Structures are given as C-alpha cells and as structure tokens.
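Student: From the sequence below, what's the structure:
(chains A and B)
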Amino acid sequence: MREVLARLTGVSSTNLKVKERVEVLHNLDLEVPAGDFIAIMGPSGSGKTTLLNLLGGLDKPTSGKVQVGDAELSSMSNSQLSHWRSTNVGFIFQFYNLLPVLSAQKNVELPLLLTNFNGKERAKRARIALDIVGLGDRASHYPRELSGGQEQRVAIARAIVSDPTLLLCDEPTGDLDRETAVEILTLLQILNREHGKTIIMVTHDAQAAEFANRTMICDKGTLEHQEAA
Amino acid sequence: MKYLGLIWKNVWRKKIRTSLTILSVFVAFLLFALLSGIGYAFKGGQDAASADRLIVIDKVSLINMLPMAYKNRIASTPGVQAVTHASWFGGFYQDQRNQFPQFPVDPYEYMSLYPELKLPQEQLEAWARNRTGAIIGSEIAERFGIEVGDRVPIQATIWTKADGSRTWEFDVEGIFSTDDPRGATAYMLFQYDYFDEARAFAKGQVGWYIIGVAPGTDGAQLANAVDTQFANSPNETKTSTEQAFAASFAKQFGNIGMIVMLILGAVFFTLLLVSGNTMSQSVRERISELAVMKTLGFSDQSVLGVVLSESILIMSIGGLLGLGVGWVLVQGVAQQMSAFLPGVYLSPQAMLVAVGIIVGAGIVAGMFPAMKAMRLSIIDALARA
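Tutor: The predicted structure is shown next:
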C-alpha cells in the first residue's frame, strides 16, 4: 500500500460567473498515492483545471479539505501557499508560459531565485534539469528560438528544478503535434518512473491519457468514473 | 540582488519604449541640474553671506549713497565690533560684454571683515600701499588671464573722473580666492581713497556700510539701534543682516526660487505621467508572466518589489545620467557666466534632493502598476492567457 501524497475530502468549489455562483466541484473525494501518474479527462467546464488549481494551492475550496503531504492547503494563507508551491509542486502549462526575455537556462533558474542557492548553484541545478529533459545544448537559447516541443521541455525542466514531489500538468500536449506530444509524454513517464514524481495531468486527449497509470473522468463537478490504465 | 538580472531583462523588454522613457527622465534631471545650479547662484549669495555682518543702506534705495561721516557714528554704536564701507562701481574690462562687479573699499578694514577671502599678506600690504592698486578674484583672473603686476583699465559706466575721463586704471597687486564653494570671487576690489579723490561727483559718500557684530550682541537690536541714530536725518538708514540684504538684492530679479520650482514641478509631473504609463503598459502586456511567477512561488510582495524595482531602475538610469551630464554642464556654465552670474553651482544638497526625487518618482510611477501586479489573481490571469 503506497503512501497517500494528496487527499481531497468533501471538496466543493464555486466560481462567480456573471453575478451567479456556479458550483464547479461538488463534494469531491480523491486520494493520490505518492508516485502515481493520473490522467484526468473530461469535457470543458467539468472542473478539471479547478481540481488542478486546488491541488497546486492556487485556489481554495469553498468547503472541504485539501491535503498535500503534510500541508493542509485549505487553511494556509496566500504567502504560506506561495512558499509551499515554490518547494513542493511543479506546474506545466499547455502554452509553456516561459518568460520571453529570459534564456532557457534563466527560465529554469527562475524558481531557484526563491531559494538560498547562490548564482553558481542555481546555474548548476538548472543545467542538470535541462540535461534531464534533453536540452542541455539549448541553455542559452531564448523561447522564440525554440520549437513548441522544446519550449515545453524547458517548462518541464523549470517544473522539476526545485525537485518537487508533485507535478501538475494542464494540457501539456494540447499545443503540440502528435510526434512531439509523444516525446513529452514519454518524458513525463520517465520523470514518474525513474525520478519518482507524482504526476497529475489534465488532458482532453485519450492517447495522452494512456501514458498515465490510471485515468479519472471528471464530469459535472464530480469524479464519476475511474479506470485502470 | 539575485533578482537584478530578472529586473534588468524586464526593463529592456521593449528597448525603444524604455530608451525613450529613460531619455525623458534624462532630460528632466538635466534640467533639474542646470536650474538648480543657476538657482543656487541667486540663492547662493544668501547662503554664503554671514549672519554676523550687518549691511547699512539708504532707507529709500540702495542707489542713494550715505555720507562718509556716518562711519564714526556707526562705529561708536554699542555692539559694533568693526565697520567699513563699499560702493558699487559698475565698469567693464576692454569690452562691454566683460562686465563684472568692482567695489572701492578700504583694504585692511574690508579684508578683516571678510576673513573667508584668502589673500596673501604681502599682496594685501602691496595693495594698501598703492593708491591705484586693486585685487581681483581668482575667477576673474582665470577668465581674463590677468596676473599680479598687470595694469588693468576699467571703463566706468557711472563714475566719470574729475578730468572727464571714464577710463580708470588699476595695478593688480593680488588675487584673492575662497575655500567656500558657495562664495563668489568674480569681482574686483580697489582703494576707496583713489576712487573718492578721482571721481567727479558724490565725493565723501559711500554705497553702504558693513558692520561686524560684536560677539554676544543681538544683530536685530543693533540694526535697530543704528537705524534709530539716523532717524529723521536727510539719509535715513535701513540696516539688515548680510543674508537679508543678499536676499533682497536677489529679489530684484524676481522670485527665482519659485520660478525654478514651478518649471521643475511641471517637468516632474509630466515625467511621472510618462514613466507611469511605461510601467502600466509593461505590466499589462505581461499579466500571464506575472501569474506564472506567482504560480512558481513568488509572493505578492516579491512581485510588487520586482515591478517597483523596474520603475526605480528606469528612473535611476535616466536620472543619474541626467545629473552626471548636468553636473558637467553646470561646471561649464559656471565658468562662462562667472562674470554675469557668479556662484552657479550644483550643490551636494541639490544632488541629494535629486537622488531622493529619483527614488520617490520611481516609487510613485511604479506603485499603481506594481499594486496591480501584486493583486493579480493567478487563476484569472492564467485563464486569460
């Protein structure tokens, strides 16, 4: 029996849309074992991204508890959540969201600015992360000089550079062609299997979901269906 | 310091926009330096003036002269340590453009009341021995290349000589200087005895008296005592401290300080709008990047600090460049204008004020965009990206 890394208990979340409260997640329970790789699928507006935001401490539930590791996220202040995110979770976005004014190396170093590492140590760790994603030779390149797949690899390097236990991926292959998407998903698999990262990936793509250990279906604010990968 | 690279990169994200903003800041602080330097020339006389010296002038106007006979009566007033006199000569050297002040004075009395003027003792004695002798300030000597021993003709604009000539010739016996950066040395002093003997009119009269106040004496009371002595006489007097005298003299040119303040106020207000707009645009176009930074763990305060630092950095680059170039220009202006407007000087206090304005304007210009960045909702910003 693996240790549970993330646990959602009776979580509900409502959003204010045009002066009307809409319940996005309804009384949701979820346990994510450490080292798992979960794909969450579902139609648009089903609450997938909200679920990811709650697990990443970007949002707080209207009710219920969100626990990741030892941290009770739902009761933490914004500054506590910021600090927690900097060391415990890595985010990977659909559109990479790299800073265009920084080179690949400096983009990867960005989260390390929040640590006490000196410049040399930050550079060394960023270089290792870039090597892991296979872009050690592109460290000095700027995002505009990289392909979409390479940009996403840099984003993955940025997500893992502070060695978080949890990686949250929001449509990580949504902007990539099939071949590149497979490369990225394979990389995520490697990070899960060889580096022990717990990965939760939101996707619309059933083929992408096959790279996960299991898939969960999010619909109308609940996790309705689970199946083994 | 570890954020400096990030801040620097963000500042130069739009090179042309940042360069133009820096240029506007540069021009504003260049103007600040020049106006401060010139404003100082008007105000500097007051600052350099001593509060321990009183000036006695005619009550009606500085133009009216006072009888020489007043000297002994003033000297006998309790609280007067020393008294001397000076008069306005108003001449030019070689060409009408070469105007600088000249004053006929008593050498020993005058120099003992102005200890801040540095003149070698032998030069003072040589000047006192020679009735047509004169001493010139180092600024005048440097500007016209005049040396000790030179004979200098001065064309009078007011004082015709008894023989009808307007050319007064003086032997330069010394060159005085001052250690006080606010003190002017762009003038000439010569012997009153020669002046009084040779002039065609107003003999036995002086422009104003200078009183050295005895230690422990209340200057205001002494001024009152002097003026009371000459009340209801044909030449009533108005006595004030040298600082007040210098201030009223400067006011003849208008309220320079106020004019400088108004110009700079308008310039800095415009500057705030320009740089505030730059920062607002800069934040608006990278909302998603700021949201990503927050997602990575940058706190609200860190994001606020980064944006504010960018604003202060832009202001600092332009401001310090403007002050630097302004300082060099003020040196040049001071040299060129020393005869007409002595004391043009960019003081350390003005530089400190400018640095304060740089930081303050950087904070004000960046505050609203920085607050916007700080309050940014990660989820809303990422959803919009």
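Student: use CA for all of it now, contacts and neighbours both
Tutor: Will do.
Student: Quick check: which ranges of chain A have low pLDDT?
Tutor: Residues of chain A meeting the criterion pLDDT under 70: A:1, A:17-18, A:224-229.
Student: and what of the stretch 201-350 of chain B?
Tutor: Flagging of the stretch 201-350 of chain B using pLDDT under 70 yields the residue ranges B:247-254, B:337-342.
Student: and it, which residues reach chain A?
Tutor: Proximity of the stretch 201-350 of chain B to chain A (C-alpha under 8 Å from any C-alpha of the partner chain) is limited to residues B:Ser288, B:Glu289, B:Val292, B:Lys294, B:Thr295, B:Leu296, B:Gly297, B:Phe298, B:Ser299, B:Asp300.
Student: which among those gets closest to B:Leu113?
Tutor: When these are compared for distance to B:Leu113 (C-alpha to C-alpha), B:Asp300 wins out at 63.3 Å.
Student: Quickly find the element holding the residue nearest to that closest one when sequence neighbours are not counted.
Tutor: Excluding the flanking residues, the one nearest B:Asp300 by C-alpha to C-alpha, 6 or more residues apart in numbering or on different chains is B:Met374, at 4.8 Å. Assessed by DSSP states H and E, B:Met374 sits inside helix B:348-375.
Student: need the helices for the chain, in chain order.
Tutor: Defaulting to chain A. All helices of chain A, identified by DSSP state H, fall at A:48-55, A:78-88, A:104-109, A:119-132, A:148-160, A:178-193, A:206-209.
Student: Oops, wrong one, chain B.
Tutor: Assignment of helices within chain B using DSSP H yields the ranges B:4-11, B:15-48, B:70-75, B:107-113, B:121-129, B:138-144, B:192-198, B:219-229, B:242-250, B:256-284, B:287-296, B:300-336, B:348-375, B:378-384.
Student: As PDB, could you dump the C-alpha coordinates of the third one?
Tutor: The one in question is helix B:70-75. This file holds the C-alpha atoms of helix B:70-75, laid out as PDB (Å, rounded to 0.1, in the frame of the first residue of the first chain):
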ATOM      1  CA  TYR B  70      28.200 108.100   9.300                       C
ATOM      2  CA  LYS B  71      31.200 105.800   9.700                       C
ATOM      3  CA  ASN B  72      32.400 107.000  13.100                       C
ATOM      4  CA  ARG B  73      28.800 107.300  14.400                       C
ATOM      5  CA  ILE B  74      28.100 103.700  13.400                       C
ATOM      6  CA  ALA B  75      31.500 102.600  14.900                       C
END
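Student: State the phi and psi torsions of B:Pro115.
Tutor: Here is the backbone geometry of B:Pro115 (degrees, to the nearest 10): phi -60, psi -20.
Student: what would the helices of chain B look like in TSV with mean neighbour count and distance to A:Pro164?
Tutor: Below are these laid out as TSV (neighbours: other C-alpha atoms under 10 Å in any protein chain shown; distance: least, C-alpha to C-alpha, whole Å):
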stretch	mean neighbour count	distance to A:Pro164
helix B:4-11	17	23
helix B:15-48	22	36
helix B:70-75	16	89
helix B:107-113	17	79
helix B:121-129	16	81
helix B:138-144	17	71
helix B:192-198	17	90
helix B:219-229	18	77
helix B:242-250	19	70
helix B:256-284	17	29
helix B:287-296	23	11
helix B:300-336	21	21
helix B:348-375	18	25
helix B:378-384	15	20
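Student: can you tell me which of the residues of the stretch 201-350 of chain B next to chain A lies nearest to B:Glu173?
Tutor: For these, the nearest to B:Glu173 is B:Asp300 (71.4 Å; C-alpha to C-alpha).
Student: My read is that B:Ile210 contacts B:Val83, right?
Tutor: Yes - in terms of C-alpha atoms under 8 Å, B:Ile210 counts as a neighbour of B:Val83; the distance is 5.6 Å.
Student: same for the helix holding B:Met374, what does it pack against?
Tutor: Where contact means 3 or more C-alpha pairs under 8 Å, 6 or more residues apart in numbering or on different chains; DSSP states H and E, helix B:348-375 is packed against helix B:15-48, helix B:256-284, helix B:300-336.
Student: Could you pull up the mean pLDDT of the first one?
Tutor: Averaging pLDDT along helix B:15-48 yields 85.
Student: and stretch A:121-134, which residues are buried?
Tutor: Judged by neighbour count (16 or more other C-alpha atoms under 10 Å in any protein chain shown), stretch A:121-134 contains these buried residues: A:Arg122, A:Ala123, A:Arg125, A:Ala126, A:Arg127, A:Ile128, A:Ala129, A:Leu130, A:Ile132, A:Val133.
Student: Alright, I will stop here.
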